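Q: What shape does this take:
(chains A and B)
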Amino acid sequence: MFAPITLEILVLVLGFALLLAESFSTSSSKRSLPKIALFVLAWVFAFSFFTAPAPETVEPGSFWNFYSASPISLMFKRIALLTTMGVLVMSLDYESTLAKFIPSSRPGAGTGEFYILPLFTCAGLMLMASATDLVMAFAALELVTISFYVQVAYMRSNSASLEAGIKYLILGALSTGFFVYGLTWIFGLTGETHFDKVALKLAALQNSDTAILFALLLVLVGLGFKVAAVPFQSWVPDVYQGAPTPVTAFLSVGSKAAGFLLLLRVLEPFLGVSSIQPKVLTVLGTMAGATLIYGNLAALPQNNLKRLLAYSSIGHAGYLLLAVASVGATVTGFGAVGTTIGFYLFAYLLMTLLGFMVLTAVSTQTKGEEIQHFNGLSKRSPFLAFALLVAMSSLAGVPLTAGFYGKFLVFAHAVNAHLWVLVCLGVVTVGAGFYYYLRVVAAMYWYEPNDTTPIQVSSLSKAVMALLVVSIFVFGVNPRPILSALQGAPAKVAAAH
Amino acid sequence: MLTTLLLVPIVTAIALLLGFGNRSWAKASALVQLALTLFVWSGYDQTQGGYQFVSSTEPLFAGLDLRFSLGVDGFSLLMLLLTGLVTVAAVWMSPKIEKRSNLFDGSVLLISAGAAGAFLAKDVFFMYAFHELALIPTFLLIGYWGSGERQNVAWKVTIFLAVGSIVLLAGLVDLYLAIPVALRSFDLQKLQEVAAQHVIPATAQVRPWLLLTAGFGILISLFPFHSWAAPAYASAPTPVAMLHSGVLKKFGLYGIIRLVVPFLPEAFKQPVWGNCTAQDLLLALLLCNILYIGLVTIAQRKLDYVIGYSSVMHMGYVFLGIASMNLIGLSGACLLMFSHGLSVAALFAVSGAIREREGSLNFERLGGAAKAVPYLAICFALATFASIGLPGFSNFASETLVFFGGFQTGASSFLKTSTILALWGVVISAVYMLRAYKAVFLGERTASAAKWSDLDGSARFALAALPLALLVAGFFPQYFLGYIKPTLEAALR
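A: Residues are numbered from 1 along each chain as shown, chains lettered A, B, ... in the order given. Have a look, this model is predicted:
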C-alpha cells in the first residue's frame, strides 16, 4: 500500500515528462501524447485503489498536517482523475477546430500543451481535495486557476477565446485578491491556518463578530467567483462561450467542484460561531435565491448551446447554494449537507461532461454551436441525440436520472430548513429549466435537419458517452455507491449547528 | 414477477429506440404486460389482502428507509389492470406512422411503463419517479406527431407537469418530515401502519395537505390548474391521449388516496382561510371542475376538445368521492378512476380513428358516420353511455357510490349541497356527449364519410375490450370493490 500523495506526484511527474517530450518530439509523434496521458491517467486511477487512506489527524508540528488522506478526499481525487480523462477524450475530438486557431508553419505545431495542461489542473484539484490548511487550499486553488487561465485563451488567433482569457484572468485575479485578503483576516483573528484550529479559535473569540463577518464576506466574494454565484457571475457566459469546448467543460465541472469543496471547508469554522450563524445563513440564502433566479431566467432566451450551458451552470450553483444555505437546520435523515453537495457535484459532472462531449462532436462537424445546428440530430446521429437527450433530462431533473437525485436531496434539505421562499423560487426555476433544456431536445427531435449527412464519432468518444449515459441512469436509480463513499462528507458542516 | 411486468415494456421500448423490431414488438409487449397483470391478479390472495408479490432491495441511502421495492395490493392491482387494458388498446389503435415509427412506439411503451411503475412501486420515491418517466416521451410524441398547435401544446403540458411534480416533491418531503423521526419511511406498507397511529397533529396537517393537493391537483387537472389538459389531449396522437387521460392522470388520484387520505384526514376539517376548511376549499374547486368545465365542454365544437374537457370535468366526481372521506365515497372514487380511465380511452381511440380518416374533428365537417363505420360508432356509443353514467356500466355504479358518500352521517351541509349541485353534472355530460354523438355519427352523411373504412382485424378486439370491461365491472361492481375495500379501510383507520 502506498500513501495517497503518490497519486498527485504521479500526475505532476506525468505532466512535466510530457511537456519535456512535447518539446523534443517530432510532429507526428506528438499526436500520441494525449493518448499516452489518457493511458497513464487510467493507470493512476487504477492505482488509487492500492493507496491506503488514513483518517484525518492533526499532529502538532508534523509536516503533513496540511494534507488529509481521508477516504473522502481519495474519492474526490478519483472524481478529478475521471473528469480529466473525459476532458482529454473530448480534446481529441476537438483537434481539428483547435488547429484552425493556432497559426503555425507546420501542421499540429503548438497544440501539444493543450493536452498536457489539464494534467496540472487535475493535480491542483486532487491537492485541493486533501487540503486541510488555508495556505495549502489556496496554493491548490491557484494551481487550478492559473492552468485554466492558459487553457481558456489557448486558441490564440480566435478573438473570442482571447477575450474569454482576458476576462477570466482579470476577474479571476481580482477575486483571488479578495480571497487572500479574507484569509489574512482569518489568520489575523486566529493566528492559525489549519481549518480545525481556526474553528476552535473562532468559536472562542469574544466581541469580534464584525471582524469575523468581514473576513467571511471577503472569502465569499472570492469563492463566489469560482462557483459562479450571483453577483460574481458576470464572467461566466463570455468565458464559457469563448474558451475551447473541452476547457469549458473542465471549467464548468472542475472550477465549480473546487469552489464548493473549499466553500464547505471554509464555512465550517464560521458556522461554529453561534452569534453570527444566522447572518451567515441569510447571506448564503440571498446569494442562493439570486443565483437561482439569474441563472435560470437568463438561460431562457439563449440560442447558443455553450452560452446556455454557461447560464445553466450558474443555475446549478444556485441549487448547490440552496443546499449550503440549509445547513442551519437540524439534519434529520437526509444525510449531511456535505454529502448532498458531493452527490450533486458528481451527478453534475456526469451530465455536464456528456453534454459537452456531444456538443464537441456535433459542433466540429456542423461548424456551429447554436441550438439550430442541432436541428434533426436524431436523424443524423440517433446515438448523439439520445445521449444529449439524457444529459438534458438529467440537467433538468427528470426522475430516474442522477440529476434528479441531486435535486431531490437539495429540496429535501431546503424544506427541512423551512426555507419556503427559496423553495418557491426553486419550483419556478425548475419549470424554467425544463423549458430551456428541452429546447435542445425539441430541436433534435421535432425539426428537420438542414443537412442529412451522418455525424461521425470516434469509437473512443462513443464508448465514453455510452458509459456516461449508463452511469446517469444507474446512479439515478441506485445512488448508494456514491452516497456511501461520501458519508462523513468533506466538511462536517452538518455537525456545526 | 412484478419486476418482469415492469421490465417488459421498458426493455421493449429500449430495443425499439435502438432501432430493432417494429410495431409488432410493441403489440407483443403490450399483450405480455396485460397477460402478466392478469396472472398477478389471479395469483393475488384477496382473503389475505395487503401487499403481495413484494420484492425489495437494501436501503439505497444509509439512514433513510428508501428502497427500490415493488408490491401490489388490491387498489394498485385495479390500476394495473386499467394500465394493461388501455395499453393494449392504445398500441393497437396507434395511427400509421410514416417517419420514425420505432421512436413513436417506443415512447408510447415508455409512457405505459411509467404508469405501471408508479402503480407497482411500494416506495413513495419510486412511485413518484416512475410517474415522470412519461414526461419526456410525451413531450416528444405531442411535439412531433401531434396535431393542431402541437408544439405550443407540448411545451405547455411539459412545463405544467414539471412544475406540478416539483410542487408535489416539496409536498412529499414536507409530509415525510411531519412524521416523527422514529417512524419515518418511504415504504408504502410501513407508512400505512404509521398512518393508522395518527402521528401528525391536526394543525400540522394543513401545510402538507395544501402542497400535496396543489401538486397532485396540477397532475389531475383540478380547477384552476386544468388549462393544460384539454388542449394536450386534443393535440396528442391517439395512444398518448388514451394513456394520459385514461391512466396517467389517475396517478394523482392514486397518490391522494395512498398518502393524503390516510395521513392527513384531520386537515379536511382544519380551517385554511377564515372559516373555510380544507374540505370546503376542495369542494369549491371540484364544483368548478364539474359545473364550470361542464358548461365549457358544452360550448366546444370539436370532438377531441369535447372529450378532453369532459375528462377534466369527470375528475370532479372523483374528488367529490375523496372529499367525502368515508368508505362509500372513496370506494366510488376508486371504481370511478378505473371506469373513467376505460371509457375516456375508448372515446379517444374512436376520435383518433376518425381524425385519421377525416383529418379534422370539427363538428361542421362530420356527420352520418354510423353507416360508414358502424363498428367504431357502436364502440363510441357504448363509451358515451358509460361516460354519461348509464346503469349497467361501472361508471354508474361508481358515481352512485360517490353521491351516496356525500350523504353519509356526519357530512357537512356544504358537502351535501355540493353533492346535489354535482348531480346536475350528469345532465350536463348527457347533453354534450349525446350532442357529440349526433354530430359525428348521425344525420346527413358527409361526402368523405362515405369513403371511410371501418376498423378491422385484431384492433376490433383491442378496442372492444374497453367497453366490455366496463360492462363486466358494471354488472359485478362488488367483485372489484372487494379488491379496493381493504386498502381503503386501512387508509381510513
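
Q: CA atoms for contacts and neighbours, from now on please.
A: Will do.

Q: Helix, strand, or coil at the one residue sitting closest to the centre of chain B?
A: Of all residues in chain B, the one closest to the mean position by C-alpha atoms, centre = their mean is B:K250, 2.7 Å from it. Reducing the assignment at B:K250 to three states with DSSP: H, G, I helix; E, B strand; the rest coil gives helix.

Q: and it, what is it in contact with?
A: If you count contacts by C-alpha atoms under 8 Å, 6 or more residues apart in numbering or on different chains, B:K250 has them with B:220, B:337, B:341.

Q: make it 10 Å
A: Taking C-alpha atoms under 10 Å, 6 or more residues apart in numbering or on different chains as the contact definition, B:K250 lies against B:79, B:82, B:115, B:119, B:216, B:219-220, B:244, B:256, B:315, B:318, B:334, B:336-338, B:340-341.

Q: quick one, what contacts residue 102?
A: Just so you know, I chose chain A. Counted by C-alpha under 10 Å, 6+ apart, A:I102 has contacts A:108-111, A:154-158.

Q: I was after chain B.
A: The contact partners of B:N102, by C-alpha under 10 Å, 6+ apart, come to B:13-23, B:25-26, B:108.

Q: which of the residues you listed are close to chain A?
A: On the criterion C-alpha under 10 Å from any C-alpha of the partner chain, B:17-19 are the entries of those that sit beside chain A.

Q: one step back: now the contacts of B:N102 in CSV, with pLDDT, secondary structure and neighbour count?
A: As requested, the contacts of B:N102 are arranged in CSV below (pLDDT from 0 to 100; DSSP: H, G, I helix; E, B strand; the rest coil; neighbours: other C-alpha atoms under 10 Å in any protein chain shown):
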residue, pLDDT, secondary structure, neighbour count
B:A13, 92, helix, 27
B:I14, 90, helix, 17
B:A15, 90, helix, 16
B:L16, 90, helix, 23
B:L17, 86, helix, 21
B:L18, 83, coil, 15
B:G19, 82, coil, 15
B:F20, 86, coil, 12
B:G21, 83, coil, 13
B:N22, 86, coil, 15
B:R23, 88, helix, 19
B:W25, 92, helix, 19
B:A26, 91, helix, 24
B:V108, 94, helix, 27
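
Q: Does B:R460 touch B:C379 like I think?
A: Yes - using C-alpha atoms under 10 Å, B:R460 makes contact with B:C379 at a distance of 9.4 Å.

Q: More neighbours: which of the two?
A: The residue with more neighbours, out of B:R460 and B:C379, is B:C379; 23 against 17, by other C-alpha atoms under 10 Å in any protein chain shown.

Q: how far away is that one from A:L320?
A: As defined by C-alpha to C-alpha, to the nearest Å, B:C379 lies at a distance of 54 Å from A:L320.

Q: do the same with A:S363
A: To A:L320, A:S363 is 30 Å away according to C-alpha to C-alpha.

Q: Compare those two (neighbour count), which wins?
A: Set side by side, A:S363 and A:L320 give different neighbour counts by other C-alpha under 10 Å, the larger being at A:L320 (27 against 18).

Q: ok, now how distant is A:A46 from A:T6?
A: Relative to A:T6, A:A46 is positioned 13 Å away (criterion: C-alpha to C-alpha).

Q: cool, B:A134 as well?
A: Counting by C-alpha to C-alpha, the gap from B:A134 to A:T6 is 48 Å.

Q: got it, and A:T291?
A: 38 Å.

Q: Name the residue in these two with the higher neighbour count.
A: In terms of neighbours (other C-alpha under 10 Å), A:T291 is the more surrounded of A:T291 and A:T6; the figures are 28 against 14.

Q: what sits against the more buried one?
A: Under the criterion of C-alpha under 10 Å, 6+ apart, the contact partners of A:T291 comprise A:228-233, A:285, A:297, A:311, A:314-322.

Q: Show me which of those residues are buried.
A: When the contacts of A:T291 are checked for burial by 16 or more other C-alpha atoms under 10 Å in any protein chain shown, the buried set is A:228-230, A:232-233, A:285, A:297, A:311, A:314-322.

Q: For A:D133, list each beta-bridge partner.
A: According to DSSP bridges, the residues that bridge with A:D133 are A:H194.

Q: neighbours around it, how many?
A: For A:D133, the number of neighbouring residues by other C-alpha under 10 Å comes to 23.

Q: same check, this time on the one 5 residues further on
A: One way to gauge burial is a neighbour count; for A:F138, by other C-alpha under 10 Å, it gives 18.

Q: Could you pick out the buried ones from the contacts of A:I102?
A: Buried residues within the contacts of A:I102, counting neighbours by 16+ other C-alpha under 10 Å: A:108-111, A:154-155, A:158.

Q: would you list these in a markdown table and tack on pLDDT, secondary structure and distance to A:D209?
A: Compiled in a markdown table, the buried ones among the contacts of A:I102 are given as follows (pLDDT from 0 to 100; DSSP: H, G, I helix; E, B strand; the rest coil; distance: C-alpha to C-alpha, whole Å):
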| residue | pLDDT | secondary structure | distance to A:D209 |
| --- | --- | --- | --- |
| A:G108 | 62 | coil | 57 |
| A:A109 | 70 | coil | 56 |
| A:G110 | 75 | coil | 52 |
| A:T111 | 79 | coil | 51 |
| A:Y154 | 90 | coil | 44 |
| A:M155 | 88 | coil | 47 |
| A:N158 | 87 | coil | 49 |
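
Q: how about these in TSV, adding distance to chain B?
A: Shown next, in TSV, are those (distance: C-alpha to the nearest C-alpha, whole Å):
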residue	distance to chain B
A:G108	37
A:A109	41
A:G110	41
A:T111	37
A:Y154	38
A:M155	38
A:N158	37
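
Q: Output the below-cut-off pLDDT ranges for chain A.
A: In the predicted model, chain A carries pLDDT under 70 at residues A:54-64, A:105-108, A:329-334, A:488-497.

Q: now with 50?
A: A:489-497 (pLDDT under 50).

Q: which residues of it fall in strands?
A: Assignment of strands within chain A using DSSP state E yields no ranges at all.

Q: Kindly report the same for chain B.
A: Chain-ordered strands for chain B, with DSSP E as the definition, fall at B:52-56, B:69-72, B:271-273, B:276-277.

Q: And the first one, what's buried?
A: Of the residues in strand B:52-56, those with enough neighbours to count as buried (16+ other C-alpha under 10 Å) are B:52, B:54.

Q: Show me what it is packed up against.
A: Judged by 3 or more C-alpha pairs under 10 Å, 6 or more residues apart in numbering or on different chains; DSSP states H and E, the packing partners of strand B:52-56 are helix B:2-17, helix B:23-43, strand B:69-72.

Q: Done for today, thanks.
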